[in-house]
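Enquirer: Test case, fold it:
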Amino acid sequence: MDVQYYGGNCVKISSKKFSIVVDDNLQALGAKSVTKSTDISLRTSTLTPEHSEALFSAEMPGEYEISGAIIRGTAARAHMDEEGQHSAVIYTIEAEEARIGVIGHIFPQLSEDQLENIGLLDIVIIPVGGNGYTLDGVGALSIIKQIEPKFVIPTHYADKDLKYEVPQQELSEAIKGLGMEPSETTSKYKVRPGEPADTTKLVILERQ
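Expert: Sure, this is the predicted structure:
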């Protein structure tokens, strides 16, 4: 599988059998949508526009098996939710002997039940832009410590070519909060199942 980053919290996860796009609200950010002709469209929040072009779309907790990918949605408290509300969804995607988690704009504390449902992950894709809209580096680090993935890919940070509703932190500032040095910067991350990692590594994806 390959992972590509398109800005905001939008990522595309591709294999020979499927393509999955998560959180494509790129038109609202002044960029071009990438969901057209996609097999699967996932939304971590109903605030992200629905895309009818995708063959299958989901925005709710549940478990789905499509084109060789097992997708599980776990309900979560959104960053702006009051205590007890769960209007966000965390997705785990399992395929080709690898497990990827996509975190939306959630409150930085997971319950034991949520962690059990999410399970062990190779990769966590997580927003870091902060400023009251989403997780910042410190909040993201809290989630990372709870999940303990092998690799972390940050999203939703400041970008001069995107028009965020709320200004987002620069990636350099978010990295300070994460307390992690990037181990790799690439335009497309190739998932390598079974790759050992003594500590969680930070991978920076260049926006497509």
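Enquirer: contacts and neighbour counts: CA atoms only from here.
Expert: Fine.
Enquirer: list the contacts for the residue lying closest to residue 128 once chain neighbours are set aside?
Expert: Nearest non-adjacent residue to residue 128, counting by C-alpha to C-alpha, 6 or more residues apart in numbering: residue 136, 4.3 Å away. Counting by C-alpha atoms under 8 Å, 6 or more residues apart in numbering, residue 136 touches 127-130, 169, 174, 177.
Enquirer: Highest neighbour count among those residues?
Expert: residue 128 (32 neighbours; other C-alpha atoms under 10 Å).
Enquirer: distance of that residue from residue 32?
Expert: Look at residue 128 and residue 32: by C-alpha to C-alpha, to the nearest Å, they are 22 Å apart.
Enquirer: cool, and residue 208?
Expert: The gap separating residue 208 from residue 32 is 11 Å, by C-alpha to C-alpha.
Enquirer: hang on, the earlier thing: of the contacts of residue 136, closest to residue 116?
Expert: Residue 116 lies nearest to residue 127 out of the contacts of residue 136, by C-alpha to C-alpha, at 21.4 Å.
Enquirer: Span of stretch 158-177 from start to end?
Expert: 15 Å.
Enquirer: Contacts for it, please.
Expert: 7, 28-31, 128-131, 133, 136-138, 141, 156-157, 181.
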